[in-house]
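Q: Mind folding the following:
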Amino acid sequence: PASLNRIAPAVFSGCYELEKIVVDGANPFYRVVNGALIDAKRKTLIAVNKFSVIPDDGSVKTIEKEAFSNTGLISLTVPSSVKEVSEGAFDACGALEELSFAEGVETVGKICCRSLKRLEIPLSMVENLPKGYDDKLFSECWELQDVYFAGTEEQWIRKDGQPVFVFGENCTVHFKYGAS
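A: Sure thing, here's the model as predicted:
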C-alpha cells in the first residue's frame, strides 16, 4: 500500500520461487525497479525476486544484508552505481553460480555463497580496501573455481606478499580480466 513506510531486512528470505514484487506507485518510501525492491530514500536494495536485475540508474547505492537470500538467482552483476554491498547480502544463495562486481563497486562485506563458481572483481574493490579488512571475504565460497581480477598480479599482492583475498585451493585467479 501507499502508506507502507517500513520493510524489515530479509523480508522475502525463503521465498525461493518469488517471481514478482509489487509496490503501490504512490508509495513515497519504496519502489520496484527491474524486480528489485528499493528503499528510495536510502537508495538501498532490500530484496529481489528470482528474475531481478540490479538497476544501474543510480537508484541503488547499497545492497542490504540478506537482500538475495534464497532467491533462486543463478547469475548476477552488481553495477558500478552500487558502492557498498553489506555483509551477508548473498547468504543462502543456493543457486547463485556467477557473481560479477562492476568497476566502481568499492566495499563488499563477507560473502557466504557456497554455490558460487565464478567471481569477477574490479580494481576499485581492491583499491578501496579499509585497513584491517577481512581477506577471507570469500572463504566460504567453497565451490569457487575461477576469480577474474581486472587488475594485474602486482595489484593483487599486498605489501606483505600475501594475496588481497584468500580463496580455496581449487580456485584459479585470472588477471587483467576485461582489460582493453
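Q: give me the low-pLDDT residue ranges for the chain?
A: 178-180 (pLDDT under 70).
Q: give me that answer again for 80
A: 9-10, 13-16, 130-132, 134, 177-180 (pLDDT under 80).
Q: Which residue ranges of it form helices?
A: 123-127, 153-156 (DSSP state H).
Q: For A47, give me its contacts.
A: I7, A10, V11, F12, I21, A36, L37, A67 (C-beta atoms under 8 Å, 6 or more residues apart in numbering). Any C-beta I mention is one placed from the backbone N, CA and C, and that applies to glycine too.
Q: Then G14?
A: By C-beta under 8 Å, 6+ apart, the residues touching G14 are S69, N70.
Q: Quick check: it vs N70, distance?
A: 5 Å (C-beta to C-beta, to the nearest Å).
Q: quick one on the thing from earlier: find the one among the helices of the chain with the highest mean neighbour count.
A: Greatest average neighbour count among those goes to helix 123-127 (a mean of 17), per mean count of other C-beta atoms under 10 Å.
Q: helices or strands next to that one in the packing?
A: helix 153-156 (3 or more C-beta pairs under 8 Å, 6 or more residues apart in numbering; DSSP states H and E).
Q: Now do the helix it packs on: everything it contacts.
A: With C-beta under 8 Å, 6+ apart, helix 153-156 has contacts from L123, V126, F149, P163, V164, V173, F175.
Q: centre of the chain versus that helix, how much separation?
A: Distance of helix 153-156 from its chain centroid, counting by C-alpha atoms, centre = their mean, to the nearest Å, is 22 Å.
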